[in-house]
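In: build me a model from this:
(one chain, ligands or ions: 2)
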Amino acid sequence: MTQRITVIRGDGIGPEIMKSTLRVLDTLDAGLEYDFQLAGVAAQEETGELLPQATLDSITENRIALKAPLTTPVGGGFKSLNVALRKHFDLFANVRPAISFKGTKSRYENIDLITVRENTEGAYLGEGAWTAPDGSRAESKMVVTRAGCERVVRFAFDLARRVGRKKVTAVHKANILKDVTGMFLNVARDVAEEYPDIEFNDLIVDNACMQLVMRPEQFDVIVTTNLFGDIISDLCAGLVGGLGLAPGANIGKDVAMFEAVHGSAPDIAGKGIANPCALLLAAAQMLDHLDQSDKAQRLRQAIAEVIAEGDRTTPDLGGSGNTEQFTDAICERLV
Ligand code: ATP
Ligand code: MG
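Out: Numbering: from 1, shown residues only. Ligands and ions are numbered 1, 2, ... in the order given. Alright, predicted model coming up:
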């Protein structure tokens, strides 16, 4: 059975890393059919709109989108196209794996963890104001709902089960922010009881940060609220060598969107030297989501081997290969 997915080639290095990624997916024989749609500057040039209705309709219909980085022009009516897409499809779970690759310049070697960040509630509602006429005071509001906490915690446990993870850690600040993050912790404890096969623990966010730096290998899946997740997922990307190897998924009830965490890198666009790994690892997440975890694992393994051997890797990884040669090296390990 073929699965149709919406593919957005994106801006800057987007088309180059997407070309590489689709070639790898075809080599894996992932059974995908591509529905190419426009967004970002590429869309604006062709259709006059940054986020055409046809693109939204295609994602609604296919339910799965693979997206390269987009450029959001200033004054185009959007603060961020990525945020607009997340809002439109109510993509409540932001899933960011962090895996160590031997052969990269990072401080650790055995990290293999996934951060699940709640993406729609908490401190990111943008409700706040400067509340004194002389500008001497500001307030902001944090709101969480039981349903919002529950869906993201449940998602984290289901993900753990689906991809064979052993442990979920809830990160919170329930000792101080007793209401908002206390609710999150209570819900996490309740949901955990329904998953006796998955180990559960919780950590206060400050301690979690220290533990992540001191003994990152103790973590498996982390689930947390919006603001803490924002910070922790970048911390985790830093543990394994930065955003160049960082993929992300944004998952909702109906739609899931997979992307590289980095931007469109206009400084190297068109030079053919972009590192496709972040988008390739996002494609691996997509395969997990489509119940093709065996292929996802083969892909991660091939990437790991190529990086470990420094075989035709791109300049950002210290190699002298280009995007196409790097992709050749990966594809050769998949056949
Ligand atoms: P945007 O405005 O879309 O965010 P940006 O220039 O901020 O674009 P980033 O992705 O944030 O793009 O890039 C920061 C730096 O990292 C740039 O110097 C860029 O060349 C480099 N970089 C980002 N992604 C890659 C990649 N996949 N391969 C190689 N270098 C990259
Ligand atoms: Mg940027």
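
In: now do the helix or strand hosting Ala278: everything it contacts.
Out: Assigned by DSSP states H and E, Ala278 falls within helix 277-289. Applying CB atoms under 8 Å, 6 or more residues apart in numbering, the contact partners of helix 277-289 are 5, 17-18, 20-21, 24-25, 28, 30, 64, 66, 68, 95, 97, 99, 162-163, 243-249, 251, 256, 258-262, 293, 295-297, 299-300, 303, 307, 330. Any C-beta I mention is one placed from the backbone N, CA and C, and that applies to glycine too.

In: the same query, at a cut-off of 6 Å, please.
Out: 17, 21, 24-25, 163, 245-247, 249, 256, 258-260, 262, 295-296, 299-300 (CB atoms under 6 Å, 6 or more residues apart in numbering).

In: likewise stretch 222-236?
Out: Outside stretch 222-236, the residues touching it (CB under 6 Å, 6+ apart) are 96, 98, 115-118, 122-124, 153, 156, 168-171, 184, 205.

In: for ligand 1, what are the nearby residues on the stretch 1-150 of the chain?
Out: Gly12, Ile13, Pro69, Thr71 (CB under 6 Å from any ligand atom).

In: name the nearest residue to the first one, ignoring sequence neighbours.
Out: Read it as Gly12. Distances taken as CB to CB, 6 or more residues apart in numbering place Ser264 nearest to Gly12, at 2.8 Å, with adjacent residues excluded.

In: cool, the third one as well?
Out: Taking CB to CB, 6+ apart as the measure, Pro69 lies nearest to Ser264, with 4.1 Å between them; neighbours along the chain are not counted.

In: tell me how far the one you found lies from Gly40.
Out: Shown here: Ser264 relative to Gly40, a distance of 8 Å by CB to CB, to the nearest Å.

In: who has more neighbours out of these two?
Out: Gly40 (28 against 22; other CB atoms under 10 Å).

In: Asp197 is in what secondary structure piece?
Out: With DSSP H and E as the criterion, the answer for Asp197 is that it lies in no helix or strand.

In: could you report the separation of it from Ala160?
Out: For Asp197 relative to Ala160 (CB to CB), the value is 9 Å.

In: just Val74 next, same as before
Out: 40 Å.

In: how about the residue of the stretch 151-300 of the chain found nearest ligand 1, secondary structure?
Out: Closest residue of the stretch 151-300 of the chain to ligand 1, CB to the nearest ligand atom: Gly263 (2.0 Å). Gly263 falls in the coil class when you classify it by DSSP: H, G, I helix; E, B strand; the rest coil.

In: and the residue nearest to it when sequence neighbours are not counted, what does it touch?
Out: Of all residues not flanking Gly263 in the chain, Pro69 sits nearest, at 5.1 Å (CB to CB, 6+ apart). The contact partners of Pro69, by CB under 6 Å, 6+ apart, come to Gly10, Gly14, Gly263, Ser264.

In: how about those in CSV, adding pLDDT?
Out: Formatted as CSV, these follow (pLDDT from 0 to 100):
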residue, pLDDT
Gly10, 97
Gly14, 98
Gly263, 94
Ser264, 96
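
In: quick one: neighbours of Val261, just the number.
Out: 21.

In: same check on Asn62?
Out: 18.

In: dump stretch 48-58 to PDB, keeping only the CA atoms.
Out: C-alpha atoms of stretch 48-58 as PDB (Å, rounded to 0.1, in the frame of the first residue of the first chain):
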ATOM      1  CA  GLY A  48       1.600  35.500  -4.300                       C
ATOM      2  CA  GLU A  49       0.800  33.800  -1.000                       C
ATOM      3  CA  LEU A  50       3.200  32.500   1.700                       C
ATOM      4  CA  LEU A  51       0.900  29.700   2.900                       C
ATOM      5  CA  PRO A  52      -1.500  28.800   0.000                       C
ATOM      6  CA  GLN A  53      -4.800  27.200   0.700                       C
ATOM      7  CA  ALA A  54      -3.900  24.300  -1.600                       C
ATOM      8  CA  THR A  55      -1.000  23.400   0.700                       C
ATOM      9  CA  LEU A  56      -3.200  23.400   3.800                       C
ATOM     10  CA  ASP A  57      -5.800  21.300   1.900                       C
ATOM     11  CA  SER A  58      -3.100  18.800   0.800                       C
END
